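In: Fold the following.
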Amino acid sequence: MRIPINLASDPFRRDRPLLLASGVAAAVLTVVLCGLLYLIAADRTRLGDTRARVTQLNQELATIATEQARLEATLRQPANASILERSLLLNTLVERKSVSWTKIFADLEAVMPTNVRLIQVRLPQIDSANQVLLDMVIGSQSPEPVIAFLKQLQASPRFGPATVHNSVPPTDNEPLYRYRVSVNYGQKL
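Out: Below is the predicted model of the structure:
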């Protein structure tokens, strides 16, 4: 049996691979550090360009707002008040005429079940965001077809979520369940 004994004062160690791996790791980390420093400098340059562009756009916005305020002040003068009122009236009429009744009824026909009747459609309302709101009264022999109609309205890409405002049960004179429903209509104006 052989027992390895090292009688030297400094025993032999294999440090060379460990030192070589540490040197390679230090070189790689130095390269990564340089890359990160480059990216930070490039990001600061881009951020400065972005800030300059935002400042320029804010100045343009302020100029446009000043011009708009000047034009509105001109329109609000007593001499121009009648022209402004007429312009607003004509714009409102043109906006209302831009809603196509034919398209509304065609889209409603596509989602309405055969056992649901459209009793009344009020004049569509257009809000400031150019969204059309339909207010209508529908009727059916039972509530189930109306529920199916509301589900089809919500599933349709043309209509938004429907809101049921009230319901009226059948009477002797009117044999249908009546529901007043409003829904956003997605017609392009």
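
In: contact partners of stretch 155-165?
Out: Outside stretch 155-165, the residues that touch it by C-beta atoms under 8 Å, 6 or more residues apart in numbering are 107, 110-111, 150, 153-154, 179-187. For every residue, glycine as well, the C-beta is placed using N, CA and C.

In: Just the ones in strands from those residues, please.
Out: 179, 180, 181, 182, 183, 184, 185 (DSSP state E).

In: Stretch 33-44 - what's its average pLDDT?
Out: Mean per-residue pLDDT for stretch 33-44: 95.

In: swap in stretch 87-97?
Out: The average pLDDT within stretch 87-97 is 78.

In: Torsion angles phi and psi at the residue sitting nearest the centre point of the chain?
Out: The chain has residue 129 as the residue nearest its centroid, 12.6 Å off, counting by C-alpha atoms, centre = their mean. Note on residue 129: backbone dihedrals following degrees, to the nearest 10 are phi -90, psi 10.

In: What are the buried residues along the helix or strand hosting residue 86?
Out: Assigned by DSSP states H and E, residue 86 falls within helix 81-97. By neighbour count on 16 or more other C-beta atoms under 10 Å, the buried set for helix 81-97 is empty.

In: contact partners of it?
Out: 75, 76, 123, 124, 126, 189.

In: are any of these buried, and which?
Out: 124, 126.

In: on that earlier part again, taking the contacts of stretch 155-165 together, which two end up most distant?
Out: Farthest-apart pair in these is 179 and 187; separation 22.4 Å (C-beta to C-beta).

In: The two: who's more crowded?
Out: Neighbours around residue 179 and residue 187, counted as other C-beta atoms under 10 Å, are more numerous at residue 179. The numbers are 23 against 17.

In: Distance of the more buried one relative to residue 109?
Out: In this structure, residue 179 lies at 18 Å from residue 109, with C-beta to C-beta, to the nearest Å as the measure.

In: Do a quick rundown of the strands in the chain.
Out: Assigned by DSSP E, the strands in the chain fall at 116-121, 125-126, 132-140, 159-168, 177-185.

In: Might one say that residue 74 is in contact with residue 68?
Out: No. Contact criterion C-beta atoms under 8 Å: residue 74 and residue 68 do not qualify, at 10.7 Å.

In: low pLDDT regions in this structure?
Out: 1, 4-13, 96, 187-189 (pLDDT under 70).

In: Could you list the domains of it?
Out: 15-75, 98-185 (automatic domain parsing).
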